[in-house]
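K.L.:
Sequence and predicted structure below; questions after.
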Amino acid sequence: MAVDTTKNAVPFEMAQIPGPEMAKAYNTAVIGAIIKKAKRPLLVVGAELFEDPVMFDKAIAIGKTGVPIAATAHSIKGFVERGYTENVTMIGLHPLTNYLRFKDWQGLDGKGQYDVVIFTGIFYKFASAMFSTLKNFNRDIKRVSIDRYYHVNADMTFGNLAFDPEKYHEAIDEVIAKLAA
Amino acid sequence: MAVDTTKNAVPFEMAQIPGPEMAKAYNTAVIGAIIKKAKRPLLVVGAELFEDPVMFDKAIAIGKTGVPIAATAHSIKGFVERGYTENVTMIGLHPLTNYLRFKDWQGLDGKGQYDVVIFTGIFYKFASAMFSTLKNFNRDIKRVSIDRYYHVNADMTFGNLAFDPEKYHEAIDEVIAKLAA
Amino acid sequence: MDKMEGSFAVEDMQNVQINIGAVVKEVEEWDQPMGPFPYPSIATLRNWDFKIMNRYKVFYSPICDRCTLCTYGPCDLTGNKRGACGIDQAAQQGRIVLIAVLMGCTAHAAHGRHLYHWCLDKFGDLPFKMGDEILVDAPLTRTIAGIKPKTLKDFGPVLSYVEEQVSQLLACTHTGQEGNYVDFESKALHAGMLDSLGKEVSDLIQIVAYDMPRGDEDAPLVECGMGTLDKNKAILITYGHNLAGSAEAMFYAEDNKLWDKVDIGGVCCTAIDNTRICEGIGHPDKEFNDKYRMVGTKAKIAGAIGWWRKMVRGDCMDCIMVDEQCVWTDAIVDAEKYKIPLIATNEKIMLGLPDRTNDPVDEIVDDLVNFRMPGVVVLDPVKAGEVGIKTAIAVKPKRAEIREADPFISEEEFKKYAESCTYCHSCQFVCPPHIKIGDVVRAAAEGNLEPLSSTYEICVGCRRCEQVCPQEIPILSLYAYANRDYIRNQKFKMRAGRGPIKDTEIRRVGAPLVLGTIPGVIAIIGCGNYPNGTKECYDIAREFVDRGFIVAATGCMAMDMSLYTDAEGKTIWEQFPGGFDGRNICNVGSCVANAHLHGAGIKVATIFAGRNERANYDDIADYILSKVGACGVAWGAYSQKAASIATGFNRLGVPAVVQSHSVMYRRAFLGRTDKKEDWEIIDARDGSKVYCEPAPEHMLYVAESVEECMLMMAKLCFRPSDNNSGRMIKLTHYCDISMKYFGCMPPDWPIYVRHASDLPLKWKEDMLKELESKYGWEIDWKRKAIVSGPIRKSDVSFDPTNIERKIRVKK
Amino acid sequence: MDKMEGSFAVEDMQNVQINIGAVVKEVEEWDQPMGPFPYPSIATLRNWDFKIMNRYKVFYSPICDRCTLCTYGPCDLTGNKRGACGIDQAAQQGRIVLIAVLMGCTAHAAHGRHLYHWCLDKFGDLPFKMGDEILVDAPLTRTIAGIKPKTLKDFGPVLSYVEEQVSQLLACTHTGQEGNYVDFESKALHAGMLDSLGKEVSDLIQIVAYDMPRGDEDAPLVECGMGTLDKNKAILITYGHNLAGSAEAMFYAEDNKLWDKVDIGGVCCTAIDNTRICEGIGHPDKEFNDKYRMVGTKAKIAGAIGWWRKMVRGDCMDCIMVDEQCVWTDAIVDAEKYKIPLIATNEKIMLGLPDRTNDPVDEIVDDLVNFRMPGVVVLDPVKAGEVGIKTAIAVKPKRAEIREADPFISEEEFKKYAESCTYCHSCQFVCPPHIKIGDVVRAAAEGNLEPLSSTYEICVGCRRCEQVCPQEIPILSLYAYANRDYIRNQKFKMRAGRGPIKDTEIRRVGAPLVLGTIPGVIAIIGCGNYPNGTKECYDIAREFVDRGFIVAATGCMAMDMSLYTDAEGKTIWEQFPGGFDGRNICNVGSCVANAHLHGAGIKVATIFAGRNERANYDDIADYILSKVGACGVAWGAYSQKAASIATGFNRLGVPAVVQSHSVMYRRAFLGRTDKKEDWEIIDARDGSKVYCEPAPEHMLYVAESVEECMLMMAKLCFRPSDNNSGRMIKLTHYCDISMKYFGCMPPDWPIYVRHASDLPLKWKEDMLKELESKYGWEIDWKRKAIVSGPIRKSDVSFDPTNIERKIRVKK
């Protein structure tokens, strides 16, 4: 049975209540479908992957479905170590978000702005703030979180799965399966 | 069939999003039961009753079930005009809330602090702020709204019924029926 | 102290020039010794603040439960939680209040500082004289700074003092500084006092420099309303609070005889100040005086800030000059959309526009007139004034050529828009005064424009409805269309701002005010917004002036109340004289002028009661709190300035009533009548303590309806010093307003009764009966006298105070 | 200009006294002509700000989508909505940023103002002298104000200027004032500059008045850490940023020979400043100098602010004196709970406590020692110091008598609490550094204290976990219990704050810095908080000092990095010398002392490059931006002061890197390398425009990990002025750090290559190949030369500037 990723949809850091517009939690099928049908998706992964290294492998699995990866902080190291750098680009999350917020940016590959960004493995507060930037200043990009937290400033997110690593991994696997299907 | 008062539970003034603790919308049976089992309930009504005068009659009906009434602003006039002043006290909402927030206040009748306050017919922003005062500074008092708005700073509230007066009246009647039962 | 400045050479010292900082001579004119607290610092008057707050409990309504000010945040402070820095919800609210009051305080003080520099630049130092009828000429400056200014430059150190204290106070809001709400509020009260001082300095500088009326109860009646703007001329709108640039536009029009080509209409306080220029006792610069005498009467008052977007949609302007404070920040968006060139004239508001201060006038005008840029910054007031006039005149025909420049929609558009409404109620969800916009628009679609007319004044023009409308209906444009005739005919008279209260007036009203036979001063200050602030300003003013109160107005509410007339077509200014007296209504001036109302209170203490005001703030405030029945109202205040104004009144012992949406200010000061000990007052005669009636009961009060507001204001004019006749008059009005609007007597009338002669004649018999039967008082029916029952007995020589050092005979 | 003040009598004028405001003589010592912008106002440097912001885009991350500042609110500004006042989300964020920067700016300036009054009171006016090795002695004051101070009093007008500007700027945040984010940010940059000036004044005053080190690279090593506090003595903790009261406590201990009875430990910047007292070149007051020589070395540094609650739970104090800034506001709650008397010594923090300033010392001490009140306010520093020492000594035995006074829990309590954890994860939901508290406590319950030890430094002591724990487990007390030994043994050495950079040092490093052969200045400023700021401060410092950068630290991070040692047990201060030079690490002083790092940049321009700094801010900033490879880091800054500090660095052309949670500051300045036009720089030789590599690429940057921080700092030290050797060195470090922590080369290294000699030797061959194969550059393999490809060619005489007036030959 599919993991219920819609439960416990309250901000991971309790007081992160920005205003009237707050993310909705979705199940893996919907999130997978949104990513799959994206024309220009971008998976953005951060340094928290080092705390749960299997996530590197899952990120690579997503990368292999054709979703390019922005490796923020020093997370590129995890990909280098695994020998997967195919469609992985090393870039800071801050400048990346700065590029994303401008409609005229042409993407990491110079082929155009992205339409869906998917965050995972990024320090919660930082990711939340970057989602906020996009939410307020470039609403053309759909903001998706597949991290283990409910991400209030995303468009679509999981609920909090932070305290159940297995279920979280399972959920990610479901997303990957959906993408690979 | 009972009115569904739990729908449309978003703040009436959209941007009234105070923080992590926000009211839950309940149906009339639950709200009626909470008021009924209160030891020291107080119905607080405001000047918006003049815009929907039948609400004076409904407030009086609640008053007749034994719930004392604080008539804020100049709403006392509606009671005077209807000849019902039995357990109705004229008092400003601001000083009333100021008394309510102190644990040592003895109530309008000198018999002790209240345990449940029920607001209706009060200018939304004012009522919301007074609920906030109690929410933050006297958490011993349960805050109930039976107004036509979702009241974010209450403990218990209806969802927004502002655009369906009939349904709203029906909901109030259900609460009255529960109290009178 | 009397100061002069200058410089002279000293022969024996080579290569040396001596600047004389201050020539100090002992001043014969002011024999007051220095009081205890010149230039008080944060802690100096803290004891006084604590006295206020012990009686009037600090009451908070958090609008946000979180703190987001430091990087530990957001912290959830709901209930009894503390933030990472240790702050609790009450202290956090106090902190936000302090920040808001400082924002308001600096808005005024920075305005004064700008005028100080500019007026010294333009006119040089001028003698500070308020005329023969105003010898107590800068009451707040005297009371707070302990100085008696002689020239404009003497206000320099006063402004520096305000700025130094502001810097100290703002520092306190830094994370990890002050941590207790009572001290935050003491600091806010300090900031409120600084605000009053900054306002006084601002207005006194402009009164002297621009020769504005100095306490003139017969100040001219000037034109007010959108309809007064002559659409046959180019219309230059000057918008904000600081007249510097606007005055130069007027002078330029006058110098070049352009009044037949251009109308200058003011919005917000600049409007009021425009119409005060050169109407005073004469400018010291004779040439200036001769040239511009009464030029102020040529400017029009377009309206209050709440009307701004209505003016834009009502096609009331060809060019905009903005200065500072209270300027809606999307003015530039509208300016661009409707091709109305905008000139920003003050560093505070530059809107991202290019700074053209150093460019030639004609180049700037050319760029604006040809819409090469929507607006420019011109920081030199003289140049800005010239650019404004020239641009308005030159752009008018150009605008006429362009259809989009006209914000009025056509009949077809009106119908199309109205019919596109899906009745989704998104608009009503966000409308501050809760107009049932869906119903209004639906009626319009059915051809009934009445709802659009009857709610036009209630609409505050916030534009939220348009922003959330999924059909993108330009609702304000529907309003403008439906109210075309009203806009054209909105023509009224308002009395120009008179400036300070005269010493002679204080002499006349001092005793009746302290004794209560003039039942109170009703100070109507700030702006009138939702719900229905505009009309209710008039209702409040009318209610109290009719009842014989002294009514004094300032700022936008003075404009708002001008929009209504009696059966004979007379505005309130035409109905009543403009003195500071019972059954009078005076317009004191723009928002900074409301310092003269603080000043009036101080002058009662000093002129009538002979108190020394010099550096003696708490004593004066104590006098006012105990003896001067005054109450402020800001019936729809929106801004941080209103927060600082009210807080400044409160520190001086004057209570204020505000409207429902003022809960956004988060803090009030409310009394508890169930706590007898809170109302203990010292009798200065012997130091004995007396339990008093709660008079006044509250310091800062939110009223839910205008009816409650009026009742509360009448009540908040009670003072312990009322004599029996005064108390009877006050009780009469209090009970009468209650009967009129509430249908019954107020439940707490008995607590204000000390003696049978306090009772209103018309209810005396009934009241005595009720006191006996319901409250158990002992009545001597033969003498119609009260034997026992009151909180305290009536005592004509009771000398109430809250300050120990005022006790004359130590026990 | 040289000023003196005094007064003299004039015979012929009766009853007259002349106060000399200023005797102005032409000053021979400073022959610099006045520059273009003395005492710049809001708009003066706006052009410069716009240049910065055109290149470094203003980037916002709203933390709250709503505005709740006026009574129209709350307004939802999400996306492209505007508030009722017309403000949009970007402008609202700019407004919040401006408020925050002003809060920070006033925290420093108000500190300086307090010291100004206090030092003049205590010492009288003192000559302002920085010693023979520092002739450019107040670089920010000179650059901004255009004056050259000669005595402490000369800083008075500088402070007044800051205060006047602050008042103007705060006014701009009022609803209806500034409306465009770019102008809000220009104002914030102005406030940031004022902040830097206020800091300089603050530190220079205390350096002179308290004879602190004046650029002494061999400043003493002082004791640092909780373990240095001797529990056999009474421990007085002085907490905050303003040494006034704390210094008096030290003087009192010295005068009365009480050092064997009392230890004085400082927390936060007061700690640093305590340890600088009387270590300078000698105080002008000989008696003072003789008496207190080197007294600073007797004070201990208890620790940085992040350690405060750990100290409380670690039972490290008997009495607390708080002064101002960065004082957790629940200190008084803990003080009451654990019976630690608290003395508030500054108006800014009074915590609702009774003001006992005018009471006799012994009465106050008696009340405190007998716990009749948890704390008092004593605003006289001398009295406060005496009260502090006497109370600490007298209360120590009393506290020992009372069990609750000891915050350490017992072993049984520890077990009971740990076992009561239900593993509900409420704590982990709110922990800022995301410690897995549930796991940590569960391990403790199972007898494994290691997790409590290994996460002790990471915990920031915010107390959120305790507040949300449904079992009410005192988690910080579990930490204290488990780390008892660590606390006892936390004993390290830190170098006392040396003060300004000497002219001689600048002469030595000027050329290498501008050419790049010293690869940069790493300025480590502010506090180190979560996640893991404390340890990472050390890591950053160590990384760069090892690489030959100039590393300079101030404030809490200087303390935090002292808590780690190398294999030989040496702290970083013992490992490296304290000069301003490559492979040196200097502690400049407390937070206000970081103005000397701005000063160092200015001094490179003026001493090395011969630029006039006088009233010439933008020119100097332009020089620094183009030529001085410096980068600041605040690795865990929490406060509004950090916002103003960073903003002040940015206006001066110095980029800064901050930690993830600094997104709470909401605003960054980020460059776009895909926009070639943004990187156009003027060649001052002929005014030609040159597209440059993005050097530096960003102005204010949030890094996600310490690895990213280090890489980015290395990159942000690139400057257009680097010569080939310098660029090669910088590129080497940049690539080397990337290889070390990222496992690969940074993808953008080619854009920094102008010439083959820019290439790091060890990768030169590979890089040339890659440039050819991957980037299509043309390589002359024979000469190992680049024929085409780079953004611009290498040009040793290129003179980059962004300011048109710097062009020497007009085209």
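P.N.:
Cool, the structure landed. None of the values given here were measured: they were computed from a predicted structure.
K.L.:
only C-alpha atoms for contact and neighbour calcs from this point on.
P.N.:
Will do.
K.L.:
Next, the buried residues of stretch C:30-44.
P.N.:
Of the residues in stretch C:30-44, C:34, C:35, C:37, C:38, C:39, C:40, C:41, C:42, C:43, C:44 count as buried by neighbour count, 16 or more other CA atoms under 10 Å in any protein chain shown.
K.L.:
Let me have those in a markdown table, adding distance to chain A and secondary structure as columns.
P.N.:
Output for the buried residues of stretch C:30-44, formatted as a markdown table (distance: CA to the nearest CA, whole Å; DSSP: H, G, I helix; E, B strand; the rest coil):
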| residue | distance to chain A | secondary structure |
| --- | --- | --- |
| C:34 | 52 | coil |
| C:35 | 50 | coil |
| C:37 | 44 | coil |
| C:38 | 45 | coil |
| C:39 | 42 | coil |
| C:40 | 40 | coil |
| C:41 | 37 | coil |
| C:42 | 33 | coil |
| C:43 | 35 | coil |
| C:44 | 38 | coil |
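K.L.:
Distance to residue C:552 and pLDDT added to the residues you listed, as a markdown table?
P.N.:
Output for those, formatted as a markdown table (distance: CA to CA, whole Å; pLDDT from 0 to 100):
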| residue | distance to residue C:552 | pLDDT |
| --- | --- | --- |
| C:34 | 31 | 97 |
| C:35 | 30 | 97 |
| C:37 | 30 | 98 |
| C:38 | 29 | 98 |
| C:39 | 29 | 98 |
| C:40 | 29 | 98 |
| C:41 | 31 | 98 |
| C:42 | 31 | 98 |
| C:43 | 33 | 98 |
| C:44 | 31 | 98 |
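K.L.:
Closest one of the residues you listed to residue D:375?
P.N.:
residue C:43 (16.4 Å; CA to CA).
K.L.:
Wait, that closest one touches residue D:346, no?
P.N.:
No: between residue C:43 and residue D:346 there is no contact under CA atoms under 8 Å: 9.3 Å.
K.L.:
Which part of chain A gets nearest to chain C, residue-wise?
P.N.:
Nearest residue of chain A to chain C (CA to the nearest CA) works out as residue A:15 at 5.2 Å.
K.L.:
check contacts around that residue.
P.N.:
Contacts for residue A:15 were tallied using CA atoms under 8 Å, 6 or more residues apart in numbering or on different chains; they are B:19, B:20, C:66, C:73, C:74, C:75, C:76.
K.L.:
Same question for residue C:635.
P.N.:
Residue C:635 neighbours (CA under 8 Å, 6+ apart): C:524, C:526, C:527, C:528, C:529, C:533, C:536, C:537, C:657, C:658, C:659.
K.L.:
Then residue C:293?
P.N.:
Taking CA under 8 Å, 6+ apart, one finds C:278, C:279 in contact with residue C:293.
K.L.:
any idea how far residue C:283 is from it?
P.N.:
Applying CA to CA, to the nearest Å, the value for residue C:293 to residue C:283 is 9 Å.
K.L.:
any idea what sits nearest residue C:648, other than its immediate chain neighbours?
P.N.:
In this structure, residue C:648 finds its nearest non-sequential neighbour in residue C:192, 3.8 Å apart by CA to CA, 6 or more residues apart in numbering or on different chains.
K.L.:
So residue A:117 belongs to a strand, correct?
P.N.:
Yes: the assignment for residue A:117 (DSSP: H, G, I helix; E, B strand; the rest coil) places it in a strand.
K.L.:
secondary structure element for the residue nearest to it when sequence neighbours are not counted?
P.N.:
In this structure, residue A:117 finds its nearest non-sequential neighbour in residue A:42, 4.8 Å apart by CA to CA, 6+ apart. Taking DSSP states H and E as the definition, one finds residue A:42 inside strand A:41-45.
K.L.:
So if we follow the domain assignment, how does chain C break up?
P.N.:
C:46-209, C:221-401, C:411-489, C:501-747 (automatic domain parsing).
K.L.:
in the stretch 301-450 of chain C, what spans have low per-residue confidence?
P.N.:
Along the stretch 301-450 of chain C, segments meeting pLDDT under 70 span C:404.
K.L.:
Export the domains of chain C to TSV and append columns for distance to residue D:379.
P.N.:
Below are these laid out as TSV (distance: least, CA to CA, whole Å):
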stretch	distance to residue D:379
domain C:46-209	13
domain C:221-401	36
domain C:411-489	46
domain C:501-747	20
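K.L.:
Nearest to residue D:573, out of the ones you listed?
P.N.:
Among the domains of chain C, domain C:46-209 sits nearest to residue D:573 (CA to CA), with 28.9 Å.
K.L.:
ok, back up a step: which among the contacts of residue A:15 gets closest to residue A:103?
P.N.:
For the contacts of residue A:15, the nearest to residue A:103 is residue C:74 (29.8 Å; CA to CA).
K.L.:
Based on its surroundings, how many neighbours for the residue in chain C positioned nearest to chain B?
P.N.:
Closest to chain B within chain C is residue C:79: 3.9 Å, counting by CA to the nearest CA. For residue C:79, the number of neighbouring residues by other CA atoms under 10 Å in any protein chain shown comes to 19.
K.L.:
Show me where the stretch 501-650 of chain C has its helices.
P.N.:
C:503-515, C:533-546, C:555-560, C:572-575, C:595-603, C:617-627, C:640-651 (DSSP state H, counting those that start in this stretch).
K.L.:
from chain A, which residue is nearest to chain D?
P.N.:
Taking CA to the nearest CA, chain A has residue A:136 as its residue nearest chain D, at 4.0 Å.
K.L.:
Just list whatever residues bridge to the residue nearest in space to the middle of chain A.
P.N.:
Nearest to the mean C-alpha position of chain A, by CA atoms, centre = their mean, lies residue A:119 at 1.7 Å. Beta bridges link residue A:119 to residue A:44, residue A:145 when assigned by DSSP bridges.
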